[in-house]
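# I would like to see how this sequence folds:
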Amino acid sequence: MDVFASQRLQGNPLSVFTDARGLSDAEMQDLARETNLQETTFVFPRETAIEAREGVKVRIFTPYEEVPFAGHPTLGTATILRTMRLDSGMVKASEAAASTIVLDLKVGKIPVSFREEADGVFGEMRQVPPIFGPVLDRRAVAEALGLDAAEIDSGFPVQTVSTGLPFAIVPIRRLSTLQALQFDFQKASACLKSQQAEASDFYFISRETGDPKVGLRARGLYSTGEDAATGSAAGCTSAWMVKYGMAQPDETVLILQGVEMKRPSKIFVRSSKSGDSISNVRVGGHAVQIMEGEVSL
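All right, here's what the predicted structure looks like:
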């Protein structure tokens, strides 16, 4: 699957093993290493009544480890499961079983709702409630990233947020700085640890986008490589934006990521607010199938 894109060869690629029954943990990890994508998912089909009650059991692996949650694997897996249900005749497009797929992940149940649009089927996941972590020292973060502190927008905090996976959100003032960003991952990791950030990675955003239709430009730069679309971090960013007034409650914001690596990804986010509480974090986009095959072990 190519996820967070309506055109093939864009967005974030994902491998989905649609029936992983019988695979060991070691085999799943080896297969994720074999695909060598950011994530690979494994579906464990169960009886229809159990899936209706508990959701479809899915496990998510990077090439290095299993993770409790990730955004583009959730959307991509739910999209292919919906397609399989329709193709098999199990459900009709008008039925609830086709309009919402619930995934049973390590982080909990994540519903993904679908609707038909002009450029394809649009899926939107509701992530777990956000947890706001420490606010980091802007100058220390800038030093770790090799930036002048003025390049980090002082109007908003550098803060750790989690909607299943924690990220430290860094608001970059200029798009050109975001585009040219390079840094020492060991120094960045040490900075996060020294400030007890409770996150292993930064997520970089800029309000300067060069396109009025795009709310934020973003980059996911990690020690394992650049990520074309980080749906988990986008959810964290949505909650953060609403908390600090960068976006209005329930306002849909388009985050454009992956441009620099020639895998443009469109991530649509929105969050609700009641008093000081942020909830109902939703992250959506398109996903398209690009290939299908079998693996022999």
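
# tell me, how many residues neighbour the closest residue to Thr18 other than its chain neighbours?
Closest residue to Thr18 apart from its sequence neighbours, by CB to CB, 6 or more residues apart in numbering: Val43 at 5.2 Å. C-beta coordinates here come from the backbone N, C-alpha and C atoms, glycine included. For Val43, the tally of surrounding residues (other CB atoms under 10 Å) stands at 20.

# and for the one 4 residues further on?
For Glu47, the number of neighbouring residues by other CB under 10 Å comes to 8.

# cool, Glu226 as well?
Around Glu226 there are 15 residues (other CB under 10 Å).

# quick check, central residue of this protein?
With distances taken as CA atoms, centre = their mean, Gly231 lies nearest the centre of the chain, 1.4 Å away.

# show me the contacts for the residue nearest to that residue when sequence neighbours are not counted.
Nearest residue to Gly231, sequence neighbours excluded (CB to CB, 6+ apart): Gly71, at 1.6 Å. Going by CB atoms under 8 Å, 6 or more residues apart in numbering, Gly71 touches 125, 127, 229-235, 267, 283.

# can you name the two of those that are farthest apart?
For the contacts of Gly71, the farthest-apart pair by CB to CB is Gln127 and Ala229; their separation is 14.5 Å.

# higher neighbour count, these two?
Ranked by neighbour count (other CB under 10 Å), Gln127 and Ala229 place Ala229 first, with 32 against 29.

# let me know the pLDDT of that one.
Model confidence at Ala229, given as pLDDT, is 98.

# do Ala118 as well
pLDDT, Ala118: 88.

# can you start the count at 563 instead of 1 from here on
All set: I'll call the first residue 563, so the last point we hit is now Ala680.

# for the closest residue to Asp773 other than its chain neighbours, helix, strand, or coil?
In this structure, Asp773 finds its nearest non-sequential neighbour in Leu818, 7.6 Å apart by CB to CB, 6+ apart. Three-state call for Leu818 (DSSP: H, G, I helix; E, B strand; the rest coil): strand.

# could you give the number of residues near Leu818?
Count around Leu818 with other CB under 10 Å applied: 20.

# next one: Pro673
Neighbour tally, Pro673, other CB under 10 Å: 16.

# on the three-state scheme, it is what?
Applying three-state DSSP: Pro673 is strand.

# before we move on, what about Ala795?
Under three-state DSSP, Ala795 comes out as helix.

# quick one: the nearest residue to Phe747 once chain neighbours are set aside from Leu754, how far?
In space, and not counting its chain neighbours, Phe747 is closest to Ser785: 4.3 Å by CB to CB, 6+ apart. Separation of Ser785 from Leu754 (CB to CB, to the nearest Å): 12 Å.

# give me every residue that touches the nearest residue to Arg736 once chain neighbours are set aside.
Excluding the flanking residues, the one nearest Arg736 by CB to CB, 6+ apart is Glu770, at 5.8 Å. Applying CB under 8 Å, 6+ apart, we find Glu770 in contact with 735-737, 779.

# reformat these as TSV; add neighbour count, secondary structure and pLDDT.
Putting the contacts of Glu770 into TSV (neighbours: other CB atoms under 10 Å; DSSP: H, G, I helix; E, B strand; the rest coil; pLDDT from 0 to 100) gives the following:
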residue	neighbour count	secondary structure	pLDDT
Arg735	18	coil	98
Arg736	14	coil	98
Leu737	14	helix	98
Arg779	22	strand	98
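
# brilliant, that's me finished.
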